[in-house]
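Enquirer: no sequence on this one, just coordinates:
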């Protein structure tokens, strides 16, 4: 099996130079202050398609001969790769079909259609990226179109590797640490191919979608039994064969980040830095704010790839909710109230702190029993207020049960 080399990455850089942007490298004051190190953000969210995925797509399609271009291309994507394919098809006058899972945010679907215009056909199918990919491969076999994989192709991986190449050129040297988001492994593999062992490379996967870590543990790519699709740009069931072969013995580190931490970082990027990041785009930074990357000390130069900015604004309510739950500023309880006047007042007086706020209260008197349950959501001013609240819950004569975040009832709340 052909692998990716630094020379292939260099060739990809020359091939895409005229049409794909060289994105800026910005110093993050917030993360630098937080860590004490020098933290830089590679702003791939500023691409024309708001994602680094255009690099691999353009490199692959632009390398096709005339006959292959005439036959058209087909791809599957969670959204960002599809935008790269659409952009490339419009630029090179190539017909393309894009298969997307039904979970793809509407904003991404709209952008794909806008970027590709009449040259792109969108087909929504399946619940996950992998189901969409199967449909795309069947299409390619049936029609003779060229499959443009999101990460599992040498040409795609080489294109993604140009991100690392640009970082070194802009920084003037290799960073001490390069932190990249990981879905199927294309960006991580491309970074390894060009940098080799000249920098410490850390790949960050979303917790619940860590397919590359699963592949390394099994010794080969394997299907995840369950997939959390919240970080949709990195929600892949199975790591790519081409990236895995590069990553396997590279010495690159892998960590996973909970979705709540990703949401908290998305909000920090927006509110403090003025950057709109999608969940996958915030993965690398979330690893730093969660102090999950070891060895980040004063004097260390770290580059985080902010990989995409295609976030659907309708998701922000859920993002805020997940962030507050992760930070311990929001808790849910089932409270057994006595069905008598003053029961709620006693709960407020005995249990709630002066800065605690009830943000959800659902209670319906359905019978004549002495007690009735209510679902109560409490927002805290500070995460450190939680232990005192829970202590008061334990000592009150009112029967209170905290809703388990891992339980089925919790799934109705977010």
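Expert: Sure thing, it's come through. Quick caveat, the model's predicted, so the values are computed rather than measured.
Enquirer: Confirm residue 295 sits in a helix?
Expert: No. Looking at residue 295 with DSSP: H, G, I helix; E, B strand; the rest coil, it is coil, so not inside a helix.
Enquirer: Give me the neighbour count for it.
Expert: 12 (other Cβ atoms under 10 Å). Quick note: C-beta positions are derived from backbone N, CA and C, even for glycine.
Enquirer: Give the other helices and strands that the helix or strand hosting residue 11 contacts.
Expert: Secondary structure assignment for residue 11, by DSSP states H and E: helix 6-16. If contacts are counted by 3 or more Cβ pairs under 8 Å, 6 or more residues apart in numbering; DSSP states H and E, helix 6-16 sits against helix 53-62, helix 154-171, helix 186-195.
Enquirer: how big is the angle separating it from helix 186-195?
Expert: If you take axes from the mean of the first three to the mean of the last three Cα atoms, to 10 degrees, helix 6-16 sits at 110 degrees to helix 186-195.
Enquirer: Who are the packing partners of the next helix or strand after helix 6-16?
Expert: Using DSSP H and E, the helix or strand that follows helix 6-16 towards the C-terminus is strand 25-27. If you count contacts as 3+ Cβ pairs under 8 Å, 6+ apart, strand 25-27 packs onto strand 38-43, helix 154-171.
Enquirer: so what secondary structure elements neighbour the longest one?
Expert: Here helix 154-171 is seen to pack against helix 6-16, strand 25-27, strand 38-43, helix 53-62, strand 177-181, helix 186-195, helix 241-247, strand 301-306 when contacts are counted using 3+ Cβ pairs under 8 Å, 6+ apart.
Enquirer: which other residues reach the helix or strand of the chain with the lowest mean pLDDT?
Expert: Every helix and strand of the chain was ranked by mean pLDDT, DSSP states H and E. The lowest is helix 343-350, at a mean of 83. With Cβ atoms under 8 Å, 6 or more residues apart in numbering as the test, helix 343-350 has contacts from 335, 337, 392, 396, 398.
Enquirer: Likewise for stretch 283-290?
Expert: So stretch 283-290 is contacted by 28, 31, 34-35, 39, 41, 179-182, 202, 204-206, 231, 234, 255, 257-258, 261-262, 264-265, 268-269, 277, 293, 296, 302, 304-307 (Cβ under 8 Å, 6+ apart).
Enquirer: Filter the residues you listed down to the buried ones.
Expert: Neighbour-count burial (16 or more other Cβ atoms under 10 Å) applied to the contacts of stretch 283-290 gives 28, 31, 35, 39, 41, 179-182, 202, 204-206, 231, 234, 255, 257-258, 261-262, 264-265, 268-269, 277, 293, 296, 302, 304-307.
Enquirer: where does residue 411 fall, phi/psi-wise?
Expert: When read as degrees, to the nearest 10, the backbone of residue 411 gives phi -60, psi -20.
Enquirer: Neighbours of it, how many?
Expert: With other Cβ under 10 Å as criterion, residue 411 counts 9.
Enquirer: And residue 349, by the same measure?
Expert: Counted by other Cβ under 10 Å, the residues lying close to residue 349 total 10.
Enquirer: quick one, strands of the chain?
Expert: 25-27, 38-43, 73-76, 96-100, 120-124, 146-147, 177-181, 200-206, 253-257, 301-306, 330-338, 357-363, 371-379, 399-402 (DSSP state E).
Enquirer: Columns distance to residue 220 and mean pLDDT on top of those strands, output as TSV?
Expert: Listed next are the strands of the chain as TSV, based on distance: least, Cβ to Cβ, whole Å; pLDDT from 0 to 100:
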stretch	distance to residue 220	mean pLDDT
strand 25-27	35	98
strand 38-43	30	98
strand 73-76	21	95
strand 96-100	25	94
strand 120-124	30	94
strand 146-147	21	97
strand 177-181	22	98
strand 200-206	17	98
strand 253-257	16	97
strand 301-306	26	98
strand 330-338	41	88
strand 357-363	46	88
strand 371-379	44	87
strand 399-402	41	87
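Enquirer: out of those strands, which comes closest to residue 412?
Expert: Among these, strand 371-379 comes nearest to residue 412, with 9.3 Å by Cβ to Cβ.
Enquirer: Mind listing what's buried along that closest one?
Expert: Quick answer for strand 371-379 (16+ other Cβ under 10 Å): 372, 373, 374, 375, 376, 377, 378.
Enquirer: Stretch 94-113 now?
Expert: Buried, per 16+ other Cβ under 10 Å, within stretch 94-113: 94-101, 103-105, 107-109, 111-113.
Enquirer: quick one on the thing from earlier: name the nearest of the buried residues of strand 371-379 relative to residue 136.
Expert: Once Cβ to Cβ is applied, the member of the buried residues of strand 371-379 that ends up nearest residue 136 is residue 377, at 42.0 Å.
Enquirer: if I look at the closest one, how far off is residue 407?
Expert: 15 Å (Cβ to Cβ, to the nearest Å).
Enquirer: now residue 334
Expert: Distance, residue 334 to residue 407, by Cβ to Cβ: 11 Å.
Enquirer: quick one, which of the two is more surrounded?
Expert: Neighbours per residue, other Cβ under 10 Å: of residue 334 and residue 407, the larger number sits with residue 334, 14 against 8.
Enquirer: Could you count how many residues lie near the nearest residue in space to that one that is not next to it in sequence?
Expert: Among residues not flanking residue 334 along the chain, residue 401 sits closest, at 4.6 Å (Cβ to Cβ, 6 or more residues apart in numbering). Using other Cβ under 10 Å, residue 401 is surrounded by 12 other residues.
Enquirer: check contacts around residue 401.
Expert: Here residue 401 is in contact with 333, 334, 335 (Cβ under 8 Å, 6+ apart).
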